[in-house]
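J.: Next comes the sequence, and after it the predicted model I'd like to discuss.
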Amino acid sequence: MNKINRINLEILIQILIELFLSALILVGLQNGRLNLFVHPKFNTILAISAVILIAIAVFSVSKLFKPRHMNNLCRYFIVIIPLMMVFYMSKDLVVAMLSTSQSSSVIKTESKAGITSVSSGINRTEKIKRTVYKKERGKDYIDITDVKYMKWYYDSILDWKKYKGTKFRLLCCVLDDKQNNGDFAVIGRMGMLCCMADLQTCGFIYEDKDMHNLKRGQWYIVEGEIKENNYREYNYERLPIIFNVKFTKADEPKDKFVYIQ
């Protein structure tokens, strides 16, 4: 009983926080939800960080029964508050964060000729070698996998004319189904360069008659042609237009985002 009374509460709280954080990281890595917030390229670093936190907690056990006369516990409660907030982050809040993050990804400049909008995502990928994508033998379309989706999108965004008459096949989500009083829908993927703060819409305007059948959050294998957009705006950005589209229902992928690999 005397030993329990001599437990150093400061060290105990420190150990519990370290174990909680490491468990949070490891569970997030295991179920893939951590990649809703950070690029998968950081997964190894995060796993190592979790192991280090566990090691620190283990080494701290030896100090658990060495009480200090004045324990300063306030700083740990300050850390606990944001950790507890994690449990209250609803799915709707995450969706809202995804949609609102797009408005910061566009740079607008005015000139005498009019207004030109340039995606910051394009600027970030200008130094990446651009690839010309071609059909595989036996296919009447260019197959765009999740691995190459984001690079393909920014490789092609400034010059869709070179793919005139060419169909693409890709996995898309209905990102928005009620734009401009229902005049068009937005389909495509959300792209991540580093973390959730830089999520960008790598998508397309869809304005064909059957667009009213699309509902936000649905997933489809999409086959269609893509052209430049000179009149429709979505979040202050002129996304390319996809047309002559064939939709095939698909299951939601484990990883909803696409990345620059």
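T.: Arrived safely.
J.: which is the next helix or strand following the longest helix belonging to the chain?
T.: If each helix of the chain is counted by residues according to DSSP state H, the longest one is helix 9-31. Counting by DSSP states H and E, the element after helix 9-31 in chain order, helix or strand, is helix 43-60.
J.: quick one: that following helix to helix 9-31, angle?
T.: Direction vectors for helix 43-60 and helix 9-31, defined by axes from the mean of the first three to the mean of the last three C-alpha atoms, to 10 degrees, enclose an angle of 150 degrees.
J.: Which strands and helices lie in contact with helix 43-60?
T.: Packed against helix 43-60 by the contact rule (3 or more C-beta pairs under 8 Å, 6 or more residues apart in numbering; DSSP states H and E) you find helix 9-31. No exception for glycine: its C-beta is placed from N, CA and C like everyone else's.
J.: Off-centre distance for the helix it packs on?
T.: The gap between where helix 9-31 is centred and where its chain is centred comes out at 24 Å by C-alpha atoms, centre = their mean, to the nearest Å.
J.: could I have that helix exported to CSV, CA atoms only?
T.: As requested, C-alpha coordinates have been extracted for helix 9-31 and formatted as CSV (Å, rounded to 0.1, in the frame of the first residue of the first chain):
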residue,chain,number,x,y,z
LEU,A,9,1.9,10.8,-10.8
GLU,A,10,3.9,12.9,-13.2
ILE,A,11,5.8,10.0,-14.6
LEU,A,12,2.6,7.8,-14.6
ILE,A,13,0.7,10.4,-16.7
GLN,A,14,3.8,10.7,-19.0
ILE,A,15,3.9,6.9,-19.5
LEU,A,16,0.1,6.7,-20.2
ILE,A,17,0.3,9.5,-22.8
GLU,A,18,3.3,7.9,-24.6
LEU,A,19,1.5,4.5,-24.7
PHE,A,20,-1.8,6.2,-25.9
LEU,A,21,0.0,8.1,-28.7
SER,A,22,1.9,5.0,-29.8
ALA,A,23,-1.3,2.9,-29.8
LEU,A,24,-3.1,5.6,-31.7
ILE,A,25,-0.4,5.6,-34.4
LEU,A,26,-0.1,1.9,-34.7
VAL,A,27,-3.9,1.4,-34.9
GLY,A,28,-4.2,4.2,-37.5
LEU,A,29,-1.4,2.5,-39.6
GLN,A,30,-3.1,-0.9,-39.3
ASN,A,31,-6.6,0.3,-40.4
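J.: about what we covered before: now do the buried residues in the longest helix of the chain.
T.: Of the residues in helix 9-31, those scored as buried under the neighbour-count criterion (16 or more other C-beta atoms under 10 Å) are 10-15, 17-19, 21-22, 25-26, 28-29.
J.: Please apply the same query to stretch 208-227.
T.: 211, 214, 218, 219, 220, 222, 223, 224, 225, 226.
J.: how's this protein carved up into domains?
T.: Dividing the chain into domains by automatic domain parsing, as the record does, gives the ranges 2-89, 104-259.
J.: Serialize those to TSV and add fields for mean pLDDT.
T.: Written out in TSV, the entries for the domains of the chain read as follows (pLDDT from 0 to 100):
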stretch	mean pLDDT
domain 2-89	75
domain 104-259	80
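J.: do you know how far residue 202 is from residue 256?
T.: According to C-beta to C-beta, to the nearest Å, residue 202 stands 12 Å off from residue 256.
J.: Could you tell me which residues touch both of those two?
T.: Between them, residue 202 and residue 256 share the neighbouring residues 189, 190, with contact defined by C-beta atoms under 8 Å, 6 or more residues apart in numbering.
J.: who's more crowded, these two?
T.: Neighbour comparison, residue 202 and residue 256: the larger count goes to residue 202, with 23 against 17 (by other C-beta atoms under 10 Å).
J.: Go through the buried residues of helix 9-31 and name the one nearest residue 195.
T.: Distance to residue 195 across the buried residues of helix 9-31 (C-beta to C-beta) is lowest for residue 28, with 13.5 Å.
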